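Peer 1: Show me how the following folds:
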Amino acid sequence: MTKVMAVNAGSSSLKFQLFNMPSEEVITSGIVERIGLDEGIFTIKYNGEKKTTKCPIPDHQIAVDMLLKALVEEGVVKELKEINAVGHRIVHGGEYFNDSAVVNEDVVNKVEELCELAPLHNPAHLVGYRAFKAALPGVEHVFTFDTAFHQTLDKEMYLYPLPMEYYTDLKVRRYGAHGTSHKYVSEQAIDMLGNPSESKVIVCHLGNGASLSAVKNGKCIDTSMGFTPLAGVMMGTRCGDVDPSIMPYLCNKLGKSADEMLEIYNKKSGMLGVSKISSDSRDIEDAYYAGNQVAIDTSLLYARIVSKFIGSYYVELGGCDAIAFTAGLGENAAYLRTLIIKDIEEALGAQLDEEANKVRSGENRVISTEDSKIKVMIIPTNEEVMIARDTVRLLGL
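Peer 2: Numbers count the residues shown, from 1 in each chain. Purely as a prediction, here's the structure:
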């Protein structure tokens, strides 16, 4: 068996899973949170037990050292050299990467170059990579890019109607995000369809960040996020697509800079901004069922925006075999799934089995009726296993 560590480093966090490959058995998993703050939190799950430690965790190197020390102390591994490889999630690969990549100096330099396109993510990923590299000398690493799955978009899908030199000189184009999740979920959906030679799948990755993709015969042909993850559908705190002229209008009216307005677009809009209740769909759901009109309006707006993307992708795909919901909201917010499918029911013939829709489960499942023209599915995403698979594939382990 080959032991592969899958890592997702954020600006102040580090998620991890250690797999036995190729069985994809999760040996241990956990998260280091609040890195760089006064009190950090380290949580590790092993053998059905969860242990949490609270202490200062000044930086990612300390976080990695704590994790590797815990692996030995908890008996997960006898010694660190049992770990054969490490795979890392990288948000932005630009046009450089249409697949995961074995890490070398050139790959690192390209990821560094792309930091300006993902300033909250790529630098943190590199910090995590360097921390593991220092702690595990001699172990090979693989980068898995969130943008890679969307590199199959045709030019007319990724170009913006701006002066062409903005693309040729400055690389302004649609890149998309959540690609690792979209790839995993679309593959699972195709499998649930019986692995037909031709397939048309719409993936709805709906979490605090949200994006949709149109996947034809296993390849992405369109996706809702754009140059940055701000674009597309309404999200927890992000506005998604809005009229560009709103920005200078509000700057003038409110006396704010473009950067200040962008902060509002990213962190104070979406569900939070419209509802003034919360960015968490669970809080919106409670208020929705309590009859709160603002929560009702927020939910209807969210559903309408998502359903419009589904409708456009239905046209682009020339039909649809399956709509797959995934991520925190997609997997758990039954009321929003109901509202979304209700919006497209008359036009596209999709019908929910409401009893199946209400069931909570961590399993892949179909929640549409027998006579629905489109299968509606819930497929829990698993980005970490995709990272581990690509690491094994590229390193020939």
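Peer 1: which non-adjacent residue is nearest Val4?
Peer 2: Leaving aside its sequence neighbours, Val4 sits nearest to Ala388 (Cβ to Cβ, 6 or more residues apart in numbering; 4.6 Å). All C-beta atoms are positioned from the backbone trio N, CA, C, and that covers glycine.
Peer 1: Which positions within the helix or strand hosting that neighbour qualify as buried?
Peer 2: Using DSSP states H and E, Ala388 sits within helix 383-395. Judged by neighbour count using 16 or more other Cβ atoms under 10 Å, the buried positions of helix 383-395 are Glu383, Glu384, Val385, Met386, Ile387, Ala388, Arg389, Asp390, Thr391, Val392, Leu394, Leu395.
Peer 1: Reformat those into CSV and put pLDDT next to each item.
Peer 2: Listed next are these as CSV, based on pLDDT from 0 to 100:
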residue, pLDDT
Glu383, 89
Glu384, 91
Val385, 93
Met386, 93
Ile387, 95
Ala388, 96
Arg389, 95
Asp390, 95
Thr391, 96
Val392, 96
Leu394, 96
Leu395, 95
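Peer 1: how close does Ala258 get to Pro58?
Peer 2: 34 Å (Cβ to Cβ, to the nearest Å).
Peer 1: Please disregard the earlier target; I meant Met225.
Peer 2: Here the criterion is Cβ to Cβ. By it, Met225 lies 33 Å from Pro58.
Peer 1: separation between the residue lying closest to Ser100 once chain neighbours are set aside and Arg360?
Peer 2: Closest residue to Ser100 apart from its sequence neighbours, by Cβ to Cβ, 6+ apart: Asp390 at 3.9 Å. Counting by Cβ to Cβ, the gap from Asp390 to Arg360 is 30 Å.
Peer 1: by contact count, what packs against the helix or strand that contains Glu346?
Peer 2: Applying DSSP H and E as the criterion places Glu346 in helix 334-348. For helix 334-348, the elements it packs on are helix 281-289, helix 293-317, helix 354-358, strand 375-378, judged by 3 or more Cβ pairs under 8 Å, 6 or more residues apart in numbering; DSSP states H and E.
Peer 1: could I get these as TSV with mean neighbour count and distance to Ser368?
Peer 2: Shown next, in TSV, are these (neighbours: other Cβ atoms under 10 Å; distance: least, Cβ to Cβ, whole Å):
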stretch	mean neighbour count	distance to Ser368
helix 281-289	18	21
helix 293-317	19	14
helix 354-358	14	8
strand 375-378	23	4
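Peer 1: To Glu33, which of those lies closest?
Peer 2: Closest of those to Glu33 is helix 281-289, at 19.8 Å (criterion: Cβ to Cβ).
Peer 1: Show the average pLDDT along stretch 132-146.
Peer 2: Averaged across stretch 132-146, pLDDT comes to 91.
Peer 1: now the strands: where do they sit in this protein?
Peer 2: Listed from the start of the chain, the chain has strands (DSSP state E) covering 2-9, 14-21, 25-33, 40-46, 49-55, 83-90, 101-102, 140-145, 200-206, 210-216, 219-223, 322-326, 365-366, 375-378.
Peer 1: so the helix holding Ala388 versus strand 2-9, what angle?
Peer 2: Counting by axes from the mean of the first three to the mean of the last three Cα atoms, to 10 degrees, helix 383-395 lies at 120 degrees to strand 2-9.
Peer 1: rewinding a little: just so I know, which of the helices and strands packed on helix 334-348 lies nearest Asn84?
Peer 2: Evaluated with Cβ to Cβ, the helices and strands packed on helix 334-348 place strand 375-378 nearest to Asn84, the distance being 33.2 Å.
Peer 1: Can you list the strands that that closest one pairs with?
Peer 2: strand 322-326 (parallel), strand 365-366 (antiparallel) (DSSP bridges).
Peer 1: Among these, show me which one is buried the most.
Peer 2: strand 322-326 (a mean of 27; mean count of other Cβ atoms under 10 Å).
Peer 1: hey, what's Lys51 bridged with?
Peer 2: Assessed by DSSP bridges, Lys51 has beta-bridge partners Ile44.
Peer 1: residue contacts, it?
Peer 2: Thr43, Ile44, Lys45, Glu74 (Cβ atoms under 8 Å, 6 or more residues apart in numbering).
Peer 1: which among those residues end up buried?
Peer 2: Ile44, Lys45.
Peer 1: Among the contacts of Lys51, find me the one that's closest to Gly270.
Peer 2: Nearest member of the contacts of Lys51 to Gly270, counting by Cβ to Cβ, is Thr43, at 27.7 Å.
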